[in-house]
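S.K.: predicted model and sequence below, questions to follow.
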Amino acid sequence: MSTSGANYMSLTPDGGMRKRLELTGIGARPSPRSQVTVRIDARAVNFPKMLLLNFDEPLERMLGSATPGPTGWFAALDTAIRTMRLGERAYFLIAPKYAFSDKGLVHPPTKFGTMLVPKNSPIEVQMALSAIDGVTSDELRAMLATGNMVEEASRAKEQGNEFFRRNTADDLERARREYTLASHCAFAADDTELMIVALLNLAATHIRL
């Protein structure tokens, strides 16, 4: 993984988080409280052979659940993930202030290997976003192939409304998935009004969840 500044865009005003796109994704980006599935290879720049997270192990997490600041590097991952689209692969460089600061990290061996980050070490990360709220990149690509995105978005929104009205825990999870699918399809159709409605409905669902 290259840590040079070429082709990297800054995600923060101070340049402490930077991104380089490897493979373009599709659909809309995750919402602030989306449940995502992402594959990660994260390493300390000074110790590239020591894994923080293994790219072969998918990580499922709720965005917005991490604490920002030193040793709150999952908040930095959330920031990075929110810039991605389904199926996207990208590299990120995360400065110490957004990762483990002057504290570093030493963690006993796990299935990911020994976790070791020296003090004041930047982190280099490769990520691939494979699902948002249960919607996978393969599923969305199959829908995009039909070409009728407005119809698909409207159908998913109405199905989400039905699940939302039932208001059980399982139905709210189903509503979240349908509203997410609706937002992706509306984005693909360039239908801003429909996308806003889907995202507002999604936000209301997150509140109930």
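M.R.: That came through, no problem.
S.K.: and the residue sitting nearest the centre point of the chain, what does it touch?
M.R.: By C-alpha atoms, centre = their mean, the chain has its centre lying nearest to residue 81, at 3.2 Å. By C-beta atoms under 8 Å, 6 or more residues apart in numbering, residue 81 lies in contact with 30, 36, 38, 63, 127, 129. For every residue, glycine as well, the C-beta is placed using N, CA and C.
S.K.: in the protein, which spans are strands?
M.R.: 9-10, 17-23, 35-44, 47-53, 58-62, 89-94, 105-110, 113-117, 123-132, 135-136 (DSSP state E).
S.K.: make a markdown table from those strands and add mean neighbour count, mean pLDDT and distance to residue 195 to it.
M.R.: Compiled in a markdown table, these are given as follows (neighbours: other C-beta atoms under 10 Å; pLDDT from 0 to 100; distance: least, C-beta to C-beta, whole Å):
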| stretch | mean neighbour count | mean pLDDT | distance to residue 195 |
| --- | --- | --- | --- |
| strand 9-10 | 12 | 93 | 24 |
| strand 17-23 | 17 | 95 | 22 |
| strand 35-44 | 21 | 88 | 19 |
| strand 47-53 | 16 | 63 | 32 |
| strand 58-62 | 14 | 83 | 22 |
| strand 89-94 | 22 | 94 | 23 |
| strand 105-110 | 11 | 58 | 39 |
| strand 113-117 | 18 | 59 | 39 |
| strand 123-132 | 22 | 92 | 14 |
| strand 135-136 | 20 | 90 | 14 |
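S.K.: for residue 74, which of the ones you listed is the nearest?
M.R.: Nearest of the strands of the chain to residue 74, taken as C-beta to C-beta: strand 58-62 at 7.3 Å.
S.K.: how near is the residue of the chain most remote from its centre to residue 208?
M.R.: Most distant residue from the mean C-alpha position of the chain: residue 166, 28.1 Å away (C-alpha atoms, centre = their mean). The gap separating residue 166 from residue 208 is 11 Å, by C-beta to C-beta, to the nearest Å.
S.K.: my guess is residue 160 contacts residue 175. True?
M.R.: Yes - counting by C-beta atoms under 8 Å, residue 175 is a contact partner of residue 160 at 4.6 Å.
S.K.: okay, and the common contacts of the two?
M.R.: The contact lists of residue 160 and residue 175 share 201, 205, where a contact means C-beta under 8 Å, 6+ apart.
S.K.: got the phi and psi for the residue nearest to residue 129 when sequence neighbours are not counted?
M.R.: Distances taken as C-beta to C-beta, 6 or more residues apart in numbering put residue 84 closest to residue 129, at 4.4 Å, once the chain neighbours are dropped. Here is the backbone geometry of residue 84 (degrees, to the nearest 10): phi -100, psi 160.
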